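Peer 1: mind looking at a prediction? Sequence and model below.
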Amino acid sequence: MSKLVLLRHGESMWNKLNLFTGWVDVPLSDRGIEEALRAGELLKDYRFDVIFTSELIRAIQTAMLVMSRNRSGVPKVIHEDGKMKEWGVVYGEHGKNYVPVYKSWHLNERYYGKLQGWNKDHARKVYGEEQVHLWRRSYDVAPPDGESLKDTAERTVPYFRERVIPELEKGKNVLVSAHGNSLRSIVMHIEGLTKEEVLRLNIPTGVPLVYEYENGALRRIGYLRKNGFDDDLHIGR
Ligand SMILES: O=C(O)[C@H](O)COP(=O)(O)O
């Protein structure tokens, strides 16, 4: 049995300003740093064997801050796209206490297109509450020049299947540090959520969502809080 922890990055500077972010590479806010450190405290006794993040700094920062509280080892970023060879770096240099960190754009937040940089309340005024809700939470309605959740899933789910599941199959414990919507697309896949259910799924910043992997199946344990697990998958009632 191995563990999968999905973690949405801590609050970013644009989350704090209520701006659509998508692929804009903004870092964590002070509160987001605190959230990541708090997640690290909750996860400090978890042994992680491998970490996956997006290419965006808010997710990478979150993973590093979590591991600053963790005893399983030191995170070591590994480039998979051939850069290592270009830099003359030989694979397999990990010291015994290194935990490999793989960054991939496949785990990037949903691309919000023209909405990136817009204030969410302003967008509601211009386009209406219902339209903005559909852009943010529906499965197949894309924002202007952006990705729908379905589009996002078409890059996140194959990556999850091809890179994350094999690690779990080897009995490795995995941390995935990513984003609200890239993780919603993965949770929808894992949980078999319907288009109606995913409309009501919201993943909080900085709260570890824990699964156990056994006999080829993932079982949700729940959100790891200070006083234990809360198995409310944030599907709004
Ligand atoms: O990209 C963003 O704006 C946020 O990370 C998440 O967007 P959301 O609040 O619409 O899910």
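Peer 2: Looks like it arrived, so ask away.

Peer 1: separation between P166 and the ligand?
Peer 2: 28 Å (C-beta to the nearest ligand atom, to the nearest Å). Every residue, glycine included, has its C-beta placed from N, CA and C.

Peer 1: just R225 next, same as before
Peer 2: In terms of C-beta to the nearest ligand atom, R225 sits 21 Å off from the ligand.

Peer 1: now swap in E11 and tell me
Peer 2: E11 is 10 Å from the ligand, by C-beta to the nearest ligand atom.

Peer 1: and that residue, how far is that from N108?
Peer 2: E11 sits 18 Å away from N108, going by C-beta to C-beta, to the nearest Å.

Peer 1: higher neighbour count, these two?
Peer 2: A direct count of neighbours by other C-beta atoms under 10 Å for E11 and N108 places N108 higher, at 24 against 21.

Peer 1: excluding its backbone neighbours, what's nearest that one?
Peer 2: Of all residues not flanking N108 in the chain, S54 sits nearest, at 4.4 Å (C-beta to C-beta, 6 or more residues apart in numbering).

Peer 1: burial of that neighbour, as a residue count?
Peer 2: Residues lying near S54 (other C-beta under 10 Å) number 25.

Peer 1: could you do the one 4 residues further on as well?
Peer 2: Taking other C-beta under 10 Å as the neighbour definition, R58 ends up with a count of 30.

Peer 1: and it, what is it in contact with?
Peer 2: Listed by C-beta atoms under 8 Å, 6 or more residues apart in numbering, the contact set of R58 reads H9, G10, S12, D25, V26, P27, L28, G32, H179.

Peer 1: which element, helix or strand, includes it?
Peer 2: Using DSSP states H and E, R58 falls within helix 57-67.

Peer 1: buried residues in that helix?
Peer 2: I57, R58, A59, I60, Q61, T62, A63, M64, L65, V66, M67 (16 or more other C-beta atoms under 10 Å).

Peer 1: now do that helix, average pLDDT.
Peer 2: The average pLDDT within helix 57-67 is 98.

Peer 1: using PDB, write out every CA atom in that helix.
Peer 2: The C-alpha trace of helix 57-67 is given here as PDB (Å, rounded to 0.1, in the frame of the first residue of the first chain):
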ATOM      1  CA  ILE A  57       6.500  28.800  -9.000                       C
ATOM      2  CA  ARG A  58       3.600  28.800  -6.600                       C
ATOM      3  CA  ALA A  59       3.300  25.000  -6.800                       C
ATOM      4  CA  ILE A  60       7.100  24.400  -6.700                       C
ATOM      5  CA  GLN A  61       7.400  26.800  -3.700                       C
ATOM      6  CA  THR A  62       4.700  24.900  -1.900                       C
ATOM      7  CA  ALA A  63       6.400  21.500  -2.500                       C
ATOM      8  CA  MET A  64       9.700  22.900  -1.200                       C
ATOM      9  CA  LEU A  65       8.100  24.500   1.900                       C
ATOM     10  CA  VAL A  66       6.300  21.300   2.700                       C
ATOM     11  CA  MET A  67       9.600  19.300   2.400                       C
END
